[in-house]
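Peer 1: Sequence and computational prediction follow.
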Amino acid sequence: MRTVPAETITEAVEAMCIKVCHELSDDMKACLYDAYEKETSDTGKKILGQLKENLGIASKEMIPICQDTGMAVIFLKVGQEVCFTGGDITDAVNEGVRRGYTKGYLRKSVVSDPIQRVNTGDNTPAVIHYEIVPGDKVMITLAPKGFGSENMSRLFMLKPSDGIEGVKNAIIAAAKDAGPNACPPMVIGVGIGGTFEKCALMAKEALTREAGVHSDIGYVRELEEEMLTKINELGIGPAGLGGKITALAVNINTYPTHIAGLPVAVNICCHVNRHITREI
Amino acid sequence: MERHITVPFDRTVSESLSAGDYVFLTGTVYVARDAAHKRMTEALECGKGLPFDIKDQTIYYMGPSPARPGRVIGSAGPTTASRMDRYAPALMDLGQTGMIGKGRRSEQVKEAMIRNKVTYFAAVGGAGALLSRCITSSEVIAYEDLGTEALLKITVSDFPAIVVTDCHGASLY
């Protein structure tokens, strides 16, 4: 058994919140720079140029890349040989979010109830997904999610007979509907299979995959490439004002499913696809 | 076409703007998003006035991140405008002439824009750090309890935007 103080998790989450909202990861930065080189529309290129400049200002002057610093989504993979000490782990994670969003001058965007809508004032609670894994390490992935793009996400409960064509149509429909609202160029996380909730969770986790890394399943990799090409052919372009760069990546995760179903979840993210991982 | 526009502006200026124009806005702009729009609409419904005179004014759909000490404002990019569609026509009917946001608008909004000669500008979503540099002052004028959703009055200087839907019904989307 390895003991890990809850405070260690709090401190890690606090630092991760601040870093991820000011500095885009190298993989996403490379994607955006590459998009700037490839874009042929004048307006599109101008916008991508502004986005590049924005990244520089954000990290240099410590101004969040985007004012929507999101709801904190956290994937916590806990080794089964780990024993947390000194407090409740969920409280520890939320304390990290509270400190990070307060000390980092990040926006508090969470309301305590979806209908009564009173701001909690510290961006808690986070949405935390726990997973027990072998070993004695704790892997924390933080992905603060903005809602301009979250609102454009979709879940389709397809029939097995819809097959891969149905899946393709669903992904394209979601990207098309998202259009200018989701701050393109987008990153698109897709879940195929599982159950209703497993499928959505896979789509979310797919967004945390390093850009440029493909699925190791042959047909899924081909689907990722084909969908990226097709979405870029829609012509939506940067900021939705036309151009060839509408998406930066399409990441697809799959899971076994029921004989009667073919769930597909499409989680849309903007170009500020924030994700950071730390091992404790 | 590139244009430098002073805000507030009246219908005549709005009528001179066309979808696709690049503009740089300088002057006073009001900031409101979902919760502030709901409050303003409730105030109008029960016969109370708005916290400011909306005639010829521009509303920026935005909720900033907090300002660090010594700074005017935090990150300050546009939010999705369609969430304000339910509230926007009534405000345009009271004289609002400009909106800054991002994304598509409803048919009701487009009709109200033509009726009242209102221009819809898009600022680049996700460029909040860059846009914050064009904001030279910011004060809360109402609904402070809403936090980032409070109603603000800000001063902008050469704030870059694109006319995405003009008051004649043309749109870039």
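Peer 2: Cool, got the structure.

Peer 1: Contacts only, for residue 2.
Peer 2: The chain I'm using is chain A. Residues in contact with A:Arg2, defined by CB atoms under 8 Å, 6 or more residues apart in numbering or on different chains, are A:Gly79, A:Glu81, A:Val82, A:Cys83, A:Asp136. (C-beta placed from N, C-alpha, C; glycine too.)

Peer 1: hmm, I had chain B in mind actually
Peer 2: B:Asp21, B:Tyr22, B:Val23, B:Phe24.

Peer 1: quick one: furthest residue from the center of chain B?
Peer 2: B:Pro69 (25.7 Å; CA atoms, centre = their mean).

Peer 1: does that one sit in a helix, a strand or a coil?
Peer 2: coil (DSSP: H, G, I helix; E, B strand; the rest coil).

Peer 1: any idea how far A:Lys103 is from it?
Peer 2: 12 Å (CB to CB, to the nearest Å).

Peer 1: Pull out the buried positions in the longest helix seen in chain B.
Peer 2: Across chain B, the longest stretch assigned as helix under DSSP state H is helix B:34-45. For helix B:34-45, the neighbour count (16 or more other CB atoms under 10 Å in any protein chain shown) marks B:Asp34, B:Ala35, B:Ala36, B:His37, B:Lys38, B:Arg39, B:Met40, B:Leu44 as buried.

Peer 1: The first one reaches B:Met84, doesn't it?
Peer 2: Yes - look at B:Asp34 against B:Met84 with CB atoms under 8 Å: they come within range, at 7.1 Å.

Peer 1: List the buried residues of stretch A:130-143.
Peer 2: In stretch A:130-143, counting by 16+ other CB under 10 Å, buried: A:Val138, A:Met139, A:Ile140, A:Thr141, A:Leu142, A:Ala143.

Peer 1: what's the spacing between the third one and chain B?
Peer 2: For A:Ile140, the distance to chain B (CB to the nearest CB, to the nearest Å) stands at 23 Å.

Peer 1: Check for me that B:His4 belongs to a strand.
Peer 2: Yes - the assignment for B:His4 by three-state DSSP puts it in a strand.

Peer 1: ok, for it, nearest residue in space, not its chain neighbours?
Peer 2: Of all residues not flanking B:His4 in the chain, B:Phe24 sits nearest, at 5.0 Å (CB to CB, 6 or more residues apart in numbering or on different chains).

Peer 1: Can you tell me what sits against the host helix or strand of that neighbour?
Peer 2: Per DSSP states H and E: B:Phe24 is located in strand B:22-31. Here strand B:22-31 makes contact (CB under 8 Å, 6+ apart) with B:1-8, B:17, B:52, B:54, B:57-64, B:98, B:100, B:121, B:138, B:141, B:151-163.

Peer 1: can you list the residues of chain B near chain A?
Peer 2: For chain B, the residues in contact with chain A (CB under 8 Å from any CB of the partner chain) are B:35, B:62-68, B:71, B:74-77, B:79-80, B:82, B:102-104, B:122, B:124-130, B:132-133, B:146-149, B:160, B:162, B:164, B:172-173.

Peer 1: which among these end up buried?
Peer 2: B:35, B:62-67, B:74-77, B:79-80, B:82, B:102-104, B:122, B:124-130, B:132-133, B:146-149, B:160, B:162, B:164, B:172-173.

Peer 1: Quick check: phi and psi at A:Gly237.
Peer 2: As for A:Gly237, its main-chain torsions (degrees, to the nearest 10) stand at phi 70, psi 170.

Peer 1: how close does it get to A:Gly135?
Peer 2: 44 Å.

Peer 1: Then B:Tyr30?
Peer 2: Distance, B:Tyr30 to A:Gly135, by CB to CB: 54 Å.

Peer 1: The longest helix of chain B to strand B:22-31, inter-axis angle?
Peer 2: Angle between the axes of helix B:34-45 and strand B:22-31 is 60 degrees (criterion: axes from the mean of the first three to the mean of the last three CA atoms, to 10 degrees).

Peer 1: what does helix B:34-45 rub up against?
Peer 2: A:117, B:32, B:49-51, B:83-84, B:87-88, B:90-91, B:94, B:142-143, B:146, B:149-151.

Peer 1: and if you look at stretch A:116-127?
Peer 2: Contacts of stretch A:116-127 (CB under 8 Å, 6+ apart): A:69, A:71-74, A:93-94, A:97-98, A:101-102, A:106-112, B:35, B:146-149.

Peer 1: which of the residues you listed count as buried?
Peer 2: For the contacts of stretch A:116-127, buried by 16+ other CB under 10 Å: A:69, A:71-74, A:93-94, A:97-98, A:101-102, A:106-110, B:35, B:146-149.

Peer 1: Of those residues, which belong to helices?
Peer 2: Per DSSP H, the buried ones among the contacts of stretch A:116-127 map to helices at A:Val93, A:Asn94, A:Val97, A:Arg98, A:Tyr101, A:Thr102, B:Ala35.

Peer 1: Among these, which one sits closest to A:Cys270?
Peer 2: Using CB to CB, A:Tyr101 comes nearest to A:Cys270 of those, at 19.2 Å.

Peer 1: from the contacts of helix B:34-45, which ones fall inside strands?
Peer 2: B:Ala142, B:Leu151 (DSSP state E).

Peer 1: For the contacts of helix B:34-45, which PyMOL command selects only the ones that are buried?
Peer 2: Here is the PyMOL command that selects the buried residues among the contacts of helix B:34-45 (16+ other CB under 10 Å):
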select buried, chain B and resi 32+50+51+83+84+87+88+91+94+142+143+146+149+150+151
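
Peer 1: Number of residues surrounding B:Glu144?
Peer 2: When neighbours are counted by other CB atoms under 10 Å in any protein chain shown, B:Glu144 registers 10.
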